[in-house]
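[1] fold the following and give me the result.
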Amino acid sequence: MPSLNDVTKRASKGSLDAVYVLVGAERLLIERAVDAVRKAVDSMGAPGFNIEVFDGKGLDAARVIAAARTLPMMADTRLVLVRHVDAMTPTEQTNLAAYLDDPNESTCFLMTATKLDGRATLAKAAKKKGYLVDAKPLRGASLREFIRAEAKAREHGIAPQAIEALLDAVGDDLAAIDDAMERLSLFVGAGQRIDADAVMTCVTRVRVESIWSLVDAIGLKDRRKGIAAAQSLLDDREPPLRLLAMVARQLRIVARMREALSEGLRPQEAAKRAGAPPFKAGDLTESARRFTSDSLGNAFKLIAETDRALKSSKRPPDLVLEDAVLELCADAP
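    The predicted model follows:
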C-alpha cells in the first residue's frame, strides 16, 4: 500500500496512477497529495481544462464513471476528483467500485474520504487493486519527522527541544503545526536554525501554562482552578474540541510518565520516554504522583464522552467543555 508521501512525491515528478483512494483524518496531507496531482495534470495541458470535481453527497456513480470515461482535451491525462466519497450511499459506492476493475488509462481518478467501511465493496476493491492510501494520524517518531521535514522545506534546521516545545504548544494538529512553522520561518529569518526559545516567543496559538494548569487542577480536584484555566483558554478563542484534545494529550503524557517512573527511570529519562522535553521532568513527576491509574482511566473515559458531545450536541461547546472540567475535577465517588 503506497503512503500519502509516496503519492505526493511521485505526482510532483509527473508520475500518476490511474486511481487513488485517499482515506483518513489527516486532511492537510490529503490536500497536499490532491494539490500535487492537480498540478501534475495541469502541467500536461491547459491548466484547469481537464479537471472535473464532484462532491459525494447525493452523487450518482454513473455520472462520475461517465466523466472518468471521457477522453482528455488536448492533453494526455484528465483528472476526475470525487471529494467525500464516503458521503455517497452504500449502493452508489458499490456501483462506483466496478470502475476500479477497468479504469480509463487517460484519466487519473482520485477519491477522498474521512472513513470507508473496510467490509464494503469499494474499500475491498481499492485495497485489492493497490489503490487505497491510508492517511493515518501521525504519532511519535513520524510526527517529529514531519516537523523536521516542514522545517527543512523552509530551509531551516530545528533543534530537538524546539520540536518538543512546538508539540507542547500546538499538539499533533498538522494544520496548526504547518501554521506555526510558517510563522517561525518568518520569525527566525532565512536559513536560521529554529530553537526552543523561538518557539516559546513566537508560537502563541495555545498557552501551554494554562493547559498544564488545567491538568494540575484535575489532579488536585480543584474546580475553581480548573474552571479558571479553561475560561482563560476559551477567552483566547481556542476551539473547545481542540482544548479537549490538548488536555487528553497532556494526560497521556502523564500516564506514560507514571509508567516510566514505576519502572525505575530517572525523571529526565522518564520524561523523554513519555514524549516530553527534559525541562518538563519536574512538573511531570509531580503530576504523575497526583494521578492514580483509576483516576486517569476515568478521565480518559469522560474525555471520550465529551468529544462525542462536542461533535453532536446542540449545546454551546463552551458549556460542554466547562461541564467536563467540573466533572474531571470532582471528587471520586
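
[2] just after the helix-or-strand element of the chain with minimal mean pLDDT, pick out the following helix or strand.
    In the chain, no helix or strand scores lower on mean pLDDT, DSSP states H and E than helix 208-220, which sits at a mean of 75. For helix 208-220, the following helix or strand on the C-terminal side (DSSP states H and E) is helix 223-235.

[3] show me what that next one is packed against.
    helix 208-220, helix 240-262, helix 317-328 (3 or more Cβ pairs under 8 Å, 6 or more residues apart in numbering; DSSP states H and E). (Glycine included, C-beta is placed from N, CA and C.)

[4] among those helices, which gets the worst mean confidence?
    For the helices and strands packed on helix 223-235, the bottom mean pLDDT is recorded on helix 208-220, which sits at a mean of 75.

[5] contacts for it next, please.
    168-169, 222-223, 225-226, 228-230, 232-233, 243, 246-247, 250-251, 254, 283, 287, 290-291, 295, 299, 325, 328-329 (Cβ atoms under 8 Å, 6 or more residues apart in numbering).

[6] what's the answer for stretch 149-162, then?
    So stretch 149-162 is contacted by 147-148, 177-178, 181-182, 184-185, 188, 190-196, 198-199, 277-279 (Cβ under 8 Å, 6+ apart).

[7] next: stretch 178-194.
    28, 147, 150-151, 154-159, 162, 166, 169-170, 198-199, 201-203, 205.

[8] so where do the strands sit in the stretch 51-200 of the chain?
    In the stretch 51-200 of the chain, the strands defined using DSSP state E, counting those that start in this stretch lie at 51-55, 78-83, 107-113, 132-135.

[9] chain center to the second one: distance?
    This means strand 78-83. Put simply, strand 78-83 sits 23 Å off its chain's centre (Cα atoms, centre = their mean, to the nearest Å).

[10] mind checking the pLDDT average for it?
    Averaging pLDDT along strand 78-83 gives 95.

[11] quick one: low-confidence ranges for this structure?
    1, 204-209, 277-279, 331-333 (pLDDT under 70).

[12] which residue is the nearest non-sequential neighbour of the most far-flung residue of it relative to its centre?
    Largest separation from the mean C-alpha position in the chain: residue 74, at 38.3 Å (Cα atoms, centre = their mean). Spatial nearest neighbour of residue 74, chain neighbours left out: residue 45 (5.5 Å); criterion: Cβ to Cβ, 6 or more residues apart in numbering.

[13] now do the contacts for that neighbour.
    72-77.

[14] then stretch 99-113 to PDB, C-alphas only?
    Extracted as PDB, the C-alpha positions of stretch 99-113 are listed here (Å, rounded to 0.1, in the frame of the first residue of the first chain):
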ATOM      1  CA  TYR A  99     -14.900   1.200 -12.300                       C
ATOM      2  CA  LEU A 100     -11.800   0.000 -10.500                       C
ATOM      3  CA  ASP A 101     -11.800  -3.200 -12.400                       C
ATOM      4  CA  ASP A 102     -11.200  -1.400 -15.700                       C
ATOM      5  CA  PRO A 103     -10.100   2.200 -15.200                       C
ATOM      6  CA  ASN A 104      -9.600   4.600 -18.100                       C
ATOM      7  CA  GLU A 105      -5.800   4.900 -18.700                       C
ATOM      8  CA  SER A 106      -6.200   8.500 -19.800                       C
ATOM      9  CA  THR A 107      -7.900   9.500 -16.600                       C
ATOM     10  CA  CYS A 108      -6.500  10.000 -13.100                       C
ATOM     11  CA  PHE A 109      -9.500   9.100 -10.900                       C
ATOM     12  CA  LEU A 110      -8.900  10.400  -7.400                       C
ATOM     13  CA  MET A 111     -11.300   9.800  -4.400                       C
ATOM     14  CA  THR A 112     -11.000  11.200  -0.900                       C
ATOM     15  CA  ALA A 113     -12.900  10.100   2.300                       C
END
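
[15] what residues of that stretch count as buried?
    99-100, 103-104, 106-113 (16 or more other Cβ atoms under 10 Å).

[16] stretch 312-332 now?
    317, 320-322, 324-325, 327-329.

[17] residue 53 versus the residue nearest to residue 74, what's the distance?
    According to Cβ to Cβ, to the nearest Å, residue 45 and residue 53 sit 16 Å apart.

[18] before we move on, what about residue 192?
    For residue 192, the distance to residue 53 (Cβ to Cβ) stands at 40 Å.

[19] just residue 291 next, same as before
    Counting by Cβ to Cβ - residue 291 and residue 53 are separated by 48 Å.

[20] which of the two has more neighbours?
    Neighbour count, other Cβ atoms under 10 Å: between residue 291 and residue 53, residue 291 has more, with 19 against 13.
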